[in-house]
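[1] With the input below, show me the fold.
(3 chains)
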Amino acid sequence: MKNPDNNLSISTLLLRWYDVHKRDLPWRGTHDPYAIWISEIILQQTRIQQGWDYFVRFMRRFPDVVSLAQAHEDDVLKLWQGLGYYSRARNLHAAAQQVVDRFGGQFPRTYSDILSLKGIGEYTAAAIASIAYNEPYAAVDGNVFRVLSRLFDIDTPINTPVGKKQITAVAQSILHPRFPGLHNQAMMDLGAMVCTPAQPECVECPFQEICLALARNKVADLPVKNRLKTVRNRYFHYFHIRYGDKVYIRKRIGRDIWKNLYEFPLVETDAPADFAALQDSDGFKQLFSPVMQMTIRHTMHLKHVLSHQVIYADFYQVDIDPAEQSLQGRGLIEIPGYRLGEYAVSRLVHKYIETI
DNA sequence: AACACGGGGGT
DNA sequence: ACCCCAGTGTT
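    Numbering: from 1, shown residues only, chains lettered A, B, ... in the order given. Next up is the predicted model:
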């Protein structure tokens, strides 16, 4: 049996497999660092099937870094709507402006310069540097954690700094010295297609002769991961306020979820609240004082499950008497109802808007 | 080192 | 119910 420490054989086996099995993706075959960058950011924590169309649309709308830098953040977020982790879009936009300001609009060429851009961490910097410029940096993502923890039978929890350091060192040591870009992409494809989280296809694996976990019957036990803490429950009460043909929205600010996206005015309570309790809340009074002529009815309840919080959302439709004064001047934006679709909103708010 | 940040899909 | 996914920034 070959030794898994025989590094040349590992990357050679890997590239031989990749040459036959690599996937045909819209960002494959390019050495344009901008296109690689966009694809890498979109695919962070996102499945290819889900990200594919977003990538195509994004490249069509912002074909180069200068066009992205010149865009309005609202338009970038609108293009990102529905993808989640919206800081990716905000950082993408900010980083494009950094490229213009600090690198004269030319995408940086070195790992450390690439790493200095907003939203680009060690993984993405290594991916761009290796795929675009063939720089010898191992791109270590969730796939690589899984493949290498199995190949070398490493049971250090991978979601700890020690585990990450350990896998990264191994990844760097087996990186093909002449084809780091191909090697990195091959590792990702192998993790996505063969060395999958559940029911891996070990019989198809180029490493089946040298995989320590397979030899020791531990494939299903790896990688080891510490449990995340439980999710937080939140209670949102949205008000779809109608005033003639106008509605009111506002932009979320602060460090909370969905920053810079738009939504209906909302009151958050720290526990489930019926309408009577809601009326007593400070947020409600602030929104609707002074007392005005209006009708309110509860129209929808949605449970929105995210990775780290569960949001219980109630929607109320509020009709303000046209004789009343406009609600403008409370941080609200008054827009015609038919223009709602122009604003970037969360998936949760979108679910409601679809039903209007 | 721990936590925050979306959303979708698989078992 | 629980896990997974081409991670990064902040505290």
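
[2] what does the model give the closest residue to residue A:294 other than its chain neighbours for pLDDT?
    Distance criterion C-beta to C-beta, 6 or more residues apart in numbering; nearest residue to residue A:294, sequence neighbours excluded, is residue A:320 at 4.8 Å. For the C-beta atoms, the positions are set from N, CA and C on the backbone; glycine is no exception. Confidence per residue is given as pLDDT, and for residue A:320 that number is 93.

[3] repeat for the one 4 residues further on
    Per-residue confidence for residue A:324 comes out at a pLDDT of 87.

[4] Then residue A:47?
    According to the per-residue confidence, residue A:47 scores 89 in pLDDT.

[5] before we move on, what about residue A:254?
    We note a pLDDT of 85 for residue A:254 in this prediction.

[6] count of neighbours near it?
    Other residues near residue A:254 come to 6 when the count uses other C-beta atoms under 10 Å.

[7] Tell me if residue A:127 really is in a helix.
    Yes: looking at residue A:127 with DSSP: H, G, I helix; E, B strand; the rest coil, it is inside a helix.

[8] Could you pull up the residues touching it?
    Applying C-beta atoms under 8 Å, 6 or more residues apart in numbering, one finds that residue A:127 lies in contact with A:36, A:40, A:139, A:184.

[9] before we move on, what about residue A:146?
    Listed by C-beta under 8 Å, 6+ apart, the contact partners of residue A:146 are A:191, A:195, A:197, A:222, A:223.

[10] quick one: secondary structure of the second one?
    For residue A:195, the reduced secondary structure class is coil; criterion used: three-state DSSP.

[11] how much space is there between it and residue A:57?
    Noted for residue A:195: a distance of 31 Å to residue A:57, by C-beta to C-beta, to the nearest Å.

[12] what does the third one give?
    Taken as C-beta to C-beta, the spacing of residue A:197 relative to residue A:57 amounts to 29 Å.

[13] what does the stretch 151-300 of chain A have sitting close to DNA strand B?
    A:160, A:161, A:162, A:198, A:199, A:229, A:232, A:255, A:256, A:257, A:258, A:259 (C-beta under 7 Å from any atom of the strand).

[14] Let's see which of those residues end up in helices.
    Judged by DSSP state H, the subset of those located in helices is A:161, A:162.

[15] what residues does the stretch 251-356 of chain A put near DNA strand C?
    Taking C-beta under 7 Å from any atom of the strand as the criterion, the stretch 251-356 of chain A approaches DNA strand C at residues A:255, A:307.

[16] Grab the nearest non-local neighbour of residue A:351.
    Spatially, and ignoring its direct neighbours in sequence, residue A:351 is nearest to residue A:302 (6.1 Å; C-beta to C-beta, 6+ apart).

[17] Could you list every helix and strand in contact with the helix or strand harbouring that neighbour?
    Under the criterion DSSP states H and E, the helix or strand holding residue A:302 is strand A:294-305. The criterion is 3 or more C-beta pairs under 8 Å, 6 or more residues apart in numbering; DSSP states H and E, and the helices and strands that strand A:294-305 contacts are strand A:309-320, helix A:347-353.

[18] is it possible to export these to JSON lines including distance to DNA strand B?
    As requested, the helices and strands packed on strand A:294-305 are arranged in JSON lines below (distance: least, C-beta to the nearest atom of the strand, whole Å):
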{"stretch": "strand A:309-320", "distance to DNA strand B": "6"}
{"stretch": "helix A:347-353", "distance to DNA strand B": "3"}
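
[19] okay if I get the ones you listed as TSV plus mean neighbour count and distance to residue A:250?
    As requested, these are arranged in TSV below (neighbours: other C-beta atoms under 10 Å; distance: least, C-beta to C-beta, whole Å):
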stretch	mean neighbour count	distance to residue A:250
strand A:309-320	18	14
helix A:347-353	18	11
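
[20] I'd like to know which of the ones you listed is closest to residue A:278.
    Residue A:278 sits nearest to strand A:309-320 of all the helices and strands packed on strand A:294-305, at 8.2 Å, using C-beta to C-beta.

[21] Let me see the residues that make contact with that closest one.
    The contact list for strand A:309-320, computed with C-beta under 8 Å, 6+ apart, reads A:231-243, A:257, A:264, A:272, A:275, A:292-305, A:327, A:348, A:352.
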